[in-house]
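**Q** Could you work out the structure for the sequence below:
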Amino acid sequence: MRHRRVVAGVLGLLLGGAALVWMGRTLDLPALRRSAAAVPAWQWGLASTGILLSYALRAARLHAEWQPRTGARYAECLQLFLLHNAAAAWLPMRSGEAGYPLWLHRRWQVPPGESLRSLLWLRVQDALVLALLSATLWTALAADWPATAALATAALATGVVVAAGVRLTHRGSGRGWLCCLGNWVVKLAVIAAMLAAVGALPAAAALRGAVGGEWAGVLPLQAPGGLGSYEAGVWIASGSGQAALATVVGAALLVHALTLGLAGLTGLVAIAAAALSNRNTSALQTT
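**A** Below you'll find the predicted structure:
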């Protein structure tokens, strides 16, 4: 196990180095700075709020799963999500996923087998919802639907399929599925809007790029933070061509930096909140 972690770390560093070299040769840094500065501060703030809303929905999904079994409070599920999200985002080769069963065991004494099944289910649920959204979106965009109408239709169609699936299989709570769907719709909308704003992409290309970036994130071989693979996924899926490579990769990098920064920052907030809670608990026990 330790040998695997070392190998994963080395591969992650190599991928990270290769990604930096590729982006360094691709990007026009002065143009990238101008693109970032051209987007109003309120739009960056609105995008950040949207990403935080997606975090709240993912925490609500955890609450729907664990509250009936453990009596977990929403605040505890939010803390768990923020810690897990930061680790998954920043550690190489998706090694941050290992923290999920550890935190569940520490917090609610959940057996490792049960927590691993939960983690697998969450990932399967994400993949199913994203696949349904992607298929409907691609079909609608190929028919030249406006991006907003395509996303709304994809959300509605996915919701109908999910509702039918829950009724037939009884797997997962309706609230958990709804939170999963809401998270993906919000996240794709926010990322597409920022790609369009920063990279001057047409709305349809930006939405396709947002979907492509998310699918690139499921690759088993990842540099720390998913650097390189995410940007490549956005560019390929957007269909922008070689001429727009620097612009699209630069826009994807800026949006990626926003999501990584928020993941890291909220993870630090969760760590600080946990430390403060433990300190208060210790103080109460000693008085």
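
**Q** for this structure, what's the longest helix?
**A** The single longest helix within the chain, with elements called by DSSP state H, is helix 245-286.

**Q** Could you name the helices and strands sitting against it?
**A** The contact analysis (3 or more CB pairs under 8 Å, 6 or more residues apart in numbering; DSSP states H and E) places helix 245-286 against helix 2-26, helix 29-38, helix 41-70, helix 74-90, helix 174-199, helix 203-216, helix 229-238. From N, CA and C alone the C-beta is placed, and that goes for glycine too.

**Q** To what extent is residue 86 buried, counted in neighbours?
**A** For residue 86, the count of nearby residues is 23 (other CB atoms under 10 Å).

**Q** Hmm, it is touching residue 261, no?
**A** No - counting by CB atoms under 8 Å, residue 86 does not reach residue 261; the two are 10.7 Å apart.

**Q** returning to that earlier point: between the helices and strands packed on helix 245-286, which one is nearest to residue 138?
**A** Closest of the helices and strands packed on helix 245-286 to residue 138 is helix 203-216, at 7.4 Å (criterion: CB to CB).

**Q** Identify the residues contacting the closest one?
**A** With CB atoms under 8 Å, 6 or more residues apart in numbering as the test, helix 203-216 has contacts from 130, 133-134, 137-138, 141, 146-148, 150-151, 187-188, 191-193, 195-196, 199, 201, 226, 229-240, 248, 252, 256.

**Q** swap in stretch 261-278?
**A** 48, 51-52, 55, 78-79, 82-83, 85-87, 89-90.

**Q** Quick check: mean pLDDT of stretch 92-104?
**A** On average, the pLDDT along stretch 92-104 is 82.

**Q** How about stretch 208-215?
**A** 95.

**Q** starting at the chain centroid, how far to that stretch?
**A** Its chain's C-alpha centre and that of stretch 208-215 lie 11 Å apart, by CA atoms, centre = their mean, to the nearest Å.

**Q** so how far is the longest helix of the chain off the chain centroid?
**A** Distance, centroid of helix 245-286 to centroid of chain: 13 Å (CA atoms, centre = their mean).

**Q** picking that back up, which pair of the contacts of stretch 261-278 spans the longest distance?
**A** Greatest spacing in these, by CB to CB: 48 and 87 (20.4 Å).

**Q** Neighbour count: the two, which is higher?
**A** It is residue 87, of residue 48 and residue 87, that has more neighbours when counted by other CB under 10 Å, with 20 against 17.

**Q** quick one, what contacts the residue lying closest to that one once chain neighbours are set aside?
**A** Nearest residue to residue 87 in three dimensions, chain neighbours excluded: residue 96, at 3.0 Å (CB to CB, 6 or more residues apart in numbering). Residue 96 is in contact with 84, 86, 87, 88, 89, 90, counting by CB under 8 Å, 6+ apart.

**Q** now those residues as CSV including distance to residue 22?
**A** Putting the contacts of residue 96 into CSV (distance: CB to CB, whole Å) gives the following:
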residue, distance to residue 22
84, 29
86, 25
87, 25
88, 23
89, 20
90, 20
